[in-house]
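**Student:** no sequence on this one, just coordinates:
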């Protein structure tokens, strides 16, 4: 009682809250709550469409809020608010935009999936919105504790999302793996925070930077261990190579729209936080962590691309491809300057759009049950559904880094950022891994554009696939181009005119729900349009520099 | 070092609590220790080779969820109540927002039948094909029992 009276005499300093800086986060969380309320109060039958609409609207609202933030940043400059815990700068705005776009696209893709699989309800949308809000918190966090808060909001919702499809045993298995390893990595990350706090006396990022700038840490074992644990924790979250073991299993087992969402949002959030922590507040000790990041990047690039070659399951292949992408984004961290950061941010945005579009096609290709993920399921897709095949081909080529796509610009920027700081060997390794990656992207494209052949018995078809593996790049490219023209001539017309196609072709068609189609079209359009007219997005990323550097 | 004394005291107290619980249960529990024969499903007949599958209602988990929701709420409400005067209207608004979010999750659980006790068939989640019309027609046909507890039960009447 005595303590209480003493406390009431003292004044409590409430931090000033700039609501604009956390508006997108609030919108996302509010949207999630709203989805749950609406679905609880109404009959479930109108659940999925209504909650998809709410989810997309929430994403759009967050996007609009992010534009207001951008306006504030460009006119009034970056600022730190809520007792230094949250920062509003170009970097955070770009992360919010990326996450909001990921939410909108994923909600559209998931709508058709949820209806098809009969797991409909508000849960996906509510959890996806919550998870996205966690990624947004990570993007604007200015304190290690806030980073951790965002990481947990992001991850816990993702564990549940992975287990969403209760009709597939793989889904639950993937969720358990993800949960165990995710919890493990979170614990490592917290320990990293604790050691960093012990070494620098603060969890606040600018204060850490201040401390390290003013003091030379003679006996820096604690700081080194803290940074190492932080890197390991993030390595798990972004699936950098020694810590990537969970990702193929989880990507394969998770429901396909969730995989796309996870690949985009978890990477965006985790990379945003790691870039801010290491480039802005630990930059004075960069000679200590840069070699480690270089090693991580090399391993991630090479192993991701090399193992993807051996995959016959498309989702696993894309999982390894996303590991390869993580390696490229690590290049921007390795460069450790504003140019590298803006290149990484641009890469994250481009990757988000590409990967959700790709997994949208994978979602519809998997058919009811979410099982058709073998390479052979894609054989002859161009003949059955040329537009779908064309969309997937464009997205795959963009991921491979073909010119006139955002994927090319993204790879170009991270590599040139590394070259600018004289990382020639690393740049060469990155380009080599991109060349390896082209092979497995093109293999899928070639399978789609190769003739249906004998779909009835899979043996000759499989043999054909093996032949192409030995074939090499040039043959694959010419084959791709040939069938591209062929497909435009005949089956494309058939679709446009509504002429009935052949029977076996007709029954192997997959249905593409309207919203999923819209999501695919949007992602292809963004990928190609911003690839041909790069200026707006590249400028956006360039101006989204960090507050402290 | 004196700063760490309360932690030490807490640790000792925690340890003592666990130890005393064990000792008390050993002293006061009725002396009817279960034996292998006692816990067997049948006391006569063939000895079962494998463990028979045990079935239990998943609803217990939902009840546990409800407990956790209110547990979390009280964890945050208590410190808020201690500094209520200093926080003023800002704190009040924050707590109302927090309580609303907690209430929504409670609402969601109840709407999924967490508090609806009874035969499991009535607790099955609605099929996607179900619409308001079909529900109305089912009620009209007398197929659904009154107060079809599945979705409508959000009120405290269900809890009582």
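**Tutor:** That came through, no problem. Just so we're clear, the structure is a prediction, and the values are computed from it rather than from any experiment.
**Student:** need the longest helix for chain B.
**Tutor:** Ranked by number of residues, the top helix in chain B under DSSP state H is helix B:84-111.
**Student:** does any part of that helix sit near chain A?
**Tutor:** Yes - for helix B:84-111, a contact with chain A is found by C-beta under 8 Å from any C-beta of the partner chain, at B:85, B:86, B:87, B:90, B:100, B:101, B:104, B:105, B:107, B:108, B:110, B:111. Yep, even glycine has a C-beta here, placed from its N, CA and C like the rest.
**Student:** which residues touch the third one?
**Tutor:** By C-beta atoms under 8 Å, 6 or more residues apart in numbering or on different chains, the residues touching residue B:87 are A:12, A:14, B:80, B:94.
**Student:** can I assume the third one sits in a helix?
**Tutor:** Yes - secondary structure assignment (DSSP: H, G, I helix; E, B strand; the rest coil) places residue B:80 inside a helix.
**Student:** Pretty sure it sits against residue B:93.
**Tutor:** No - applying C-beta atoms under 8 Å, one finds residue B:80 not in contact with residue B:93, separated by 11.5 Å.
**Student:** okay, the two: which has more neighbours?
**Tutor:** residue B:80 (14 against 11; other C-beta atoms under 10 Å in any protein chain shown).
**Student:** still on that earlier bit, could you dump the contacts of residue B:87 to CSV with distance to residue A:104?
**Tutor:** What follows is those, written out as CSV (distance: C-beta to C-beta, whole Å):
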residue, distance to residue A:104
A:12, 40
A:14, 35
B:80, 36
B:94, 29
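**Student:** If we only consider the residues you listed, which is nearest to residue B:29?
**Tutor:** residue B:80 (40.3 Å; C-beta to C-beta).
**Student:** rewinding a little: show the buried residues in the residues of helix B:84-111 next to chain A.
**Tutor:** Buried residues within these, counting neighbours by 16 or more other C-beta atoms under 10 Å in any protein chain shown: B:86, B:87, B:101, B:104, B:105, B:107, B:108, B:110, B:111.
**Student:** so who does the residue nearest to the third one when sequence neighbours are not counted touch?
**Tutor:** Spatial nearest neighbour of residue B:101, excluding adjacent residues (C-beta to C-beta, 6 or more residues apart in numbering or on different chains): residue A:33 at 5.8 Å. For residue A:33, the contact set (C-beta under 8 Å, 6+ apart) comprises A:126, B:100, B:101, B:104.
**Student:** how about a cut-off of 10 Å?
**Tutor:** A:126, A:129, A:130, B:97, B:100, B:101, B:103, B:104, B:105, B:108 (C-beta atoms under 10 Å, 6 or more residues apart in numbering or on different chains).
**Student:** Also residue A:109?
**Tutor:** Counting by C-beta under 10 Å, 6+ apart, residue A:109 has contacts A:52, A:256-258, A:260-261, A:356-357, A:359-364, A:513, A:515-520, A:523.
**Student:** of those residues, list those near chain B.
**Tutor:** Among the contacts of residue A:109, no residue lies close to chain B (C-beta under 10 Å from any C-beta of the partner chain).
**Student:** how many other residues sit next to residue B:109?
**Tutor:** 18.
**Student:** residue boundaries of the strands in the stretch 51-200 of chain A?
**Tutor:** Applying DSSP state E, counting those that start in this stretch to the stretch 51-200 of chain A gives strands spanning A:79-81, A:86-88.
**Student:** For those strands, give me CSV that also has mean neighbour count, distance to residue B:28 and mean pLDDT.
**Tutor:** Shown next, in CSV, are the strands of the stretch 51-200 of chain A (neighbours: other C-beta atoms under 10 Å in any protein chain shown; distance: least, C-beta to C-beta, whole Å; pLDDT from 0 to 100):
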stretch, mean neighbour count, distance to residue B:28, mean pLDDT
strand A:79-81, 18, 58, 84
strand A:86-88, 25, 54, 88
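**Student:** now these as a markdown table including distance to chain B?
**Tutor:** Formatted as a markdown table, the strands of the stretch 51-200 of chain A follow (distance: least, C-beta to the nearest C-beta, whole Å):
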| stretch | distance to chain B |
| --- | --- |
| strand A:79-81 | 15 |
| strand A:86-88 | 16 |
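**Student:** Just send those back as CSV, with distance to residue B:2 too.
**Tutor:** What follows is the strands of the stretch 51-200 of chain A, written out as CSV (distance: least, C-beta to C-beta, whole Å):
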stretch, distance to residue B:2
strand A:79-81, 36
strand A:86-88, 36
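**Student:** can you tell which of those is closest to residue A:60?
**Tutor:** strand A:86-88 (20.4 Å).
**Student:** Tell me which residue of the stretch 351-500 of chain A lies closest to chain B.
**Tutor:** residue A:368 (13.4 Å; C-beta to the nearest C-beta).
**Student:** Neighbours of that residue, how many?
**Tutor:** With other C-beta under 10 Å as criterion, residue A:368 counts 11.
**Student:** Over to the one 3 residues further on?
**Tutor:** Burial of residue A:371, expressed as a neighbour count using other C-beta under 10 Å, amounts to 11.
**Student:** same question, residue A:288
**Tutor:** 15.
**Student:** pLDDT at residue A:463, what is it?
**Tutor:** pLDDT, residue A:463: 40.
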